[in-house]
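Undergrad: The following block contains a protein sequence and its predicted model.
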Amino acid sequence: MTRLINLHPDRVSRVVLGLLPFLLILAAYLVASADRLAANPNDKLLPGFGAIADAFWRMASEPSGRTGELLLWADTGASLVRLAWGLGIAGAIGLAFGVANGVLPLVRAGLSPLFAGLSLIPPMAILPILFIVFGLGEVSKVALIVIGIAPVIVRDLQARTLELPQELLIKAQTLGANSWTLVLRVVLPQVLPRLLDALRLSLGAAWLFLIAAEAIAASEGLGYRIFLMRRYLSMDVILPYVAWITLLAFIIDWSLRTLQRRAFPWFARVAGGGR
């Protein structure tokens, strides 16, 4: 008898099974929306797909009467720039200190407890401090992303570095490698694909911190627009914005995964290739 654990879907089945939950969610929304609109055609909580499409098209193609900008694209550009800076800085910090903590025992003894403590601080709790120190501009928003995800990336890369076979490090030292050569030629090539994994896993948290900062202090951005529309109960704008953020996050995740697969094909084979 074939056990469930041994059943593997083919390519078509994987696509169907992957789409099925989304289709069920859409169907449930359609039923609930139709029911509420039948009772109250002016209901704003669950607008129909027609109203959502009209609102999305308006935000994407009609210039704002106040600024003259296409709001969807202006908000998207502002948020993506902040997100890119946050992920880039956090990734650089995570790589530098994660490798240092994993390779150098003296550094690990001094900094590992620090990053363990920092990773336990709720980033939203220090957002007021960031606004006081850095002001309400871009720096505070990027800083929140960095503080929120960098310590976690450091700890993850430290663990991945410590998992490297000691035989590799011993052989490299036997062949005359110093500490710097050991890091550059042995450790770094092994850890870089894991950095991309860490960024992918931190992507959801990075979006959360970005939207929270934009909701509190911003004049443009996806989070700012969502919370602005909340005042007017404009679910026909909020829902497509949420879907748009989800799509952007998926594209970024797919891009990082594709970069990892193409830049480090050996890692996909070692990891099983199913990620």
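TA: Structure received.
Undergrad: From now on I want contacts and neighbour counts done on CA atoms only, so please keep to that.
TA: Will do.
Undergrad: in this protein, which residue is closest to the centre?
TA: Nearest to the mean C-alpha position of the chain, by C-alpha atoms, centre = their mean, lies residue 203 at 1.2 Å.
Undergrad: got a list of what that residue touches?
TA: Residue 203 makes contact with 249, 253, according to C-alpha atoms under 8 Å, 6 or more residues apart in numbering.
Undergrad: and it, what element?
TA: When elements are assigned from DSSP states H and E, residue 203 belongs to helix 188-216.
Undergrad: what about the helices in the stretch 101-250 of the chain?
TA: 105-118, 127-134, 138-162, 166-174, 179-182, 188-216, 222-230, 235-263 (DSSP state H, counting those that start in this stretch).
Undergrad: Now the fourth one: buried residues?
TA: Applying a neighbour-count criterion of 16 or more other C-alpha atoms under 10 Å, one finds 169, 172 buried in helix 166-174.
Undergrad: can you list contacts of it?
TA: The set of residues external to helix 166-174 that reach it, using C-alpha under 8 Å, 6+ apart, is 182, 186.
Undergrad: Output it as PDB - backbone C-alpha positions only.
TA: The C-alpha coordinates for helix 166-174 follow below in PDB (Å, rounded to 0.1, in the frame of the first residue of the first chain):
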ATOM      1  CA  GLN A 166      35.500  21.500  10.900                       C
ATOM      2  CA  GLU A 167      37.500  19.400   8.500                       C
ATOM      3  CA  LEU A 168      37.300  22.200   5.900                       C
ATOM      4  CA  LEU A 169      38.700  24.700   8.300                       C
ATOM      5  CA  ILE A 170      41.400  22.400   9.500                       C
ATOM      6  CA  LYS A 171      42.500  21.400   6.000                       C
ATOM      7  CA  ALA A 172      42.700  25.100   4.900                       C
ATOM      8  CA  GLN A 173      44.900  25.900   7.900                       C
ATOM      9  CA  THR A 174      47.100  22.900   7.200                       C
END
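Undergrad: where's it relative to the chain centroid, distance-wise?
TA: What separates the centre of helix 166-174 from the centre of its chain is 35 Å, taken as C-alpha atoms, centre = their mean, to the nearest Å.
Undergrad: again, but for the fifth one
TA: Chain-centre distance of helix 179-182: 32 Å, with C-alpha atoms, centre = their mean.
Undergrad: With stretch 220-230 instead?
TA: Between the centre of stretch 220-230 and the centre of its chain there are 19 Å (C-alpha atoms, centre = their mean).
Undergrad: What lies in contact with it?
TA: Identification of contacts with stretch 220-230 by C-alpha under 8 Å, 6+ apart yields 72, 74-79, 210-218, 235, 237-238, 241, 245.
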